[in-house]
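Enquirer: quick one, structure for this:
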Amino acid sequence: MDDVKKYIESNKKRFLDELFGLIRIPSISSISDHKPDMVKAAEYWKKSLLDAGADSASVMPTAGNPVVYAEKIWDASLPTVLVYAHYDVMPVDPLDLWDTDPFEPVIKDDIIWARGADDDKGQSFMHAKAFEALVKTNNLPCNVKFMIEGEEEVGSVNLGKFCEQNKEMLKADVILVSDTSMLASDMPSVTTGLRGLAYWEVEITGPNRDLHSGLFGGAVGNPINVLCKMIADTLNDKGQITIPGFYDDVTDVTADERALMALAPFDEKEYKKAIDVDELQGEEGYSTMERTGIRPTFDVCGIWGGYTGEGAKTVLPSKAFAKISTRLVPDQDHHKISDQFKTYFESIAPKSVKVKVSPLHGGQGYVCPIDIPAYKAAEKAYMDVYNIKPVPVRSGGSIPIISTFEEKLGLKSVLMGFGLESDAIHSPNENFPLEQFYNGIEAITHFYKHYAKIMTA
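Expert: Below is the predicted model:
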């Protein structure tokens, strides 16, 4: 592995330059005007993987954005790792909160600042460069396949069908993913669980047009007021979700497991300081780490209606809207939860308004056993680079397609993330430390070494 490390060291600048080329493509999957950018990003990935040493690579169409598939098959008798990543990114709004152009990456204080620096262009590109370093130094110990999609940030709506249609092509022993985070730069962790997701847009309609708030206020139901009350009624004063049946399939984590989770370092004072809040809140009876890892949640992701322009306009709006999500734990079915929320939200609306609930997307939760060969290989890889055993953690985030992989392909996924909480993914001023980028490349090369050794022992 000395040759691999030397290769990485001598090519650091080029690796960055190539990553920056990918970041400069504004591949925002949720905005239709960026459709050409999605194709451009896919073609960029195809060339990158061919240059890195893939035997073949292609941009494969779906009903939405294309999937990039590539492979390097040394020997059919060797184990095969399927790398999953995504080239789409979140919108950049609000643009005025960015300190730099979100699609013109800059390095400041040894940190990359740009949209996609971490999620997922920075983390996914680590895999391309780790693969390249192993291939170019003749150290790749197993077969590798890549599947890189362009719709993760909008729910991977077409990837499940792609997997069904290409099961033979995607045959592997495990899926390797870097789209998660670590506890800290000096405290590596392996994500062993992901929460599921259900997401809706709600439309509340009152009068058939906007009304004068002086002439009609107090006599006609205000859709914004009604919506706010309905949202408030969906959580009680203990932080519990009031949707009937919502907790029916929630599996309680044992006291022993909760005790193990509590061993992960957590400084509540620093946590609050980092996000500039004076107090935390959530479901009664659970710690902050448990609330974000093993318990379901309910959140309003956006809310709007009425007049929001400069100055005052005394209007009673005709409509109000909200985007609402729940994070779900394993065993909660997102289809069932989606139906339960729709039924409940419609039932608590007063007759003064009409309610329309539109499901947008969702996905199941996921748990990875810590005794499978790929987890053990990841554990050893982190130890090689960070000199400390990683902590298994359950993430509060969701990657809905991971549970789909298990369902459609019969494969477990190992989540080797290198992001940090401070990376501000999905927010203005997203960033990724150079140290994490380079450590990630090196750790991934060690993963292959250990995984092949375990699987061929």
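Enquirer: name the helices or strands packed onto the helix-or-strand element of the chain with minimal mean pLDDT?
Expert: Sorted by mean pLDDT, DSSP states H and E, the helices and strands of the chain end with helix 255-261, the least confident at a mean of 78. Packing contacts for helix 255-261, counted by 3 or more CB pairs under 8 Å, 6 or more residues apart in numbering; DSSP states H and E, involve helix 288-293. In this view, the C-beta of every residue, glycine as well, is placed from N, C-alpha and C.
Enquirer: let me see the mean pLDDT of the helix or strand that the helix it packs on is followed by.
Expert: Tracing the chain C-terminally past helix 288-293 and defining elements by DSSP states H and E, one meets strand 297-305 next. In this model, strand 297-305 carries a mean pLDDT of 97.
Enquirer: ok, strand 297-305: who's next to it in the sheet?
Expert: The sheet places strand 297-305 alongside strand 319-328 (antiparallel), with pairing taken from DSSP bridges.
Enquirer: so what touches the partner strand?
Expert: Contacts of strand 319-328 with the rest of the structure, by CB atoms under 8 Å, 6 or more residues apart in numbering, involve 195-206, 223-224, 226-227, 231, 241, 296-306, 334, 337, 341, 360, 364-365, 396-398.
Enquirer: in PyMOL, how would I select just the buried ones from the residues you listed?
Expert: With 16 or more other CB atoms under 10 Å as the burial test, the buried ones among those are selected in PyMOL as follows:
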select buried, resi 195+196+197+198+199+200+202+203+204+206+223+224+226+227+231+241+296+297+298+305+306+334+337+341+360+364+365+396+397+398
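Enquirer: now, which of the contacts of strand 319-328 lie within helices?
Expert: Within those, membership in helices is found for Pro223, Ile224, Val226, Leu227, Ile231, His334, Ile337, Phe341, as judged by DSSP state H.
Enquirer: could you single out the nearest of the residues you listed to Glu168?
Expert: His334 (28.3 Å; CB to CB).
Enquirer: just the strands in the stretch 151-300 of the chain please.
Expert: For the stretch 151-300 of the chain, the strands defined by DSSP state E, counting those that start in this stretch cover 174-177, 189-194, 196-205, 211-212, 297-305.
Enquirer: and the third one, what other elements does it pack with?
Expert: I take that to be strand 196-205. Applying 3+ CB pairs under 8 Å, 6+ apart, one finds that strand 196-205 makes contact with helix 223-232, strand 319-328, helix 334-347, strand 354-363, helix 400-409.
Enquirer: can you state the direction angle for the third one and strand 319-328?
Expert: Pointing back at helix 334-347 there. With axes from the mean of the first three to the mean of the last three CA atoms, to 10 degrees defining the directions, helix 334-347 sits at 140 degrees from strand 319-328.
Enquirer: contacts for helix 334-347?
Expert: Looking at helix 334-347 with CB under 8 Å, 6+ apart, the contacting residues turn out to be 196-198, 200, 202, 230, 234, 242-246, 249, 324, 326, 328, 355, 357, 359, 362-364, 400.
Enquirer: how about 6 Å then?
Expert: When contacts are defined by CB atoms under 6 Å, 6 or more residues apart in numbering, helix 334-347 is touched by residues Gly196, Ala198, Ile243, Gly245, Val355, Val357, Pro359, Gly362, Gly363.
Enquirer: just the last one next, same as before
Expert: Contact partners of helix 400-409, identified using CB under 6 Å, 6+ apart, comprise 156, 159-160, 163-164, 170, 175, 194, 197, 363-364, 366, 411, 413.
Enquirer: out of these, who's the most crowded?
Expert: Leu194 (30 neighbours; other CB atoms under 10 Å).
Enquirer: per-residue confidence for that one?
Expert: Checking the pLDDT column for Leu194, the value is 91.
Enquirer: so how far is His334 from the closest residue to it other than its chain neighbours?
Expert: When the adjacent residues along the chain are set aside, Leu194 lies closest to Tyr366, with 4.5 Å between them (CB to CB, 6 or more residues apart in numbering). Applying CB to CB, to the nearest Å, the value for Tyr366 to His334 is 12 Å.
Enquirer: dump the residue contacts of Thr137.
Expert: Residues in contact with Thr137, defined by CB under 6 Å, 6+ apart, are Asp3, Val4, Tyr7.
Enquirer: ramachandran coordinates for the first one?
Expert: This means Asp3. Here the main-chain torsion angles of Asp3 (degrees, to the nearest 10) amount to phi -60, psi -40.
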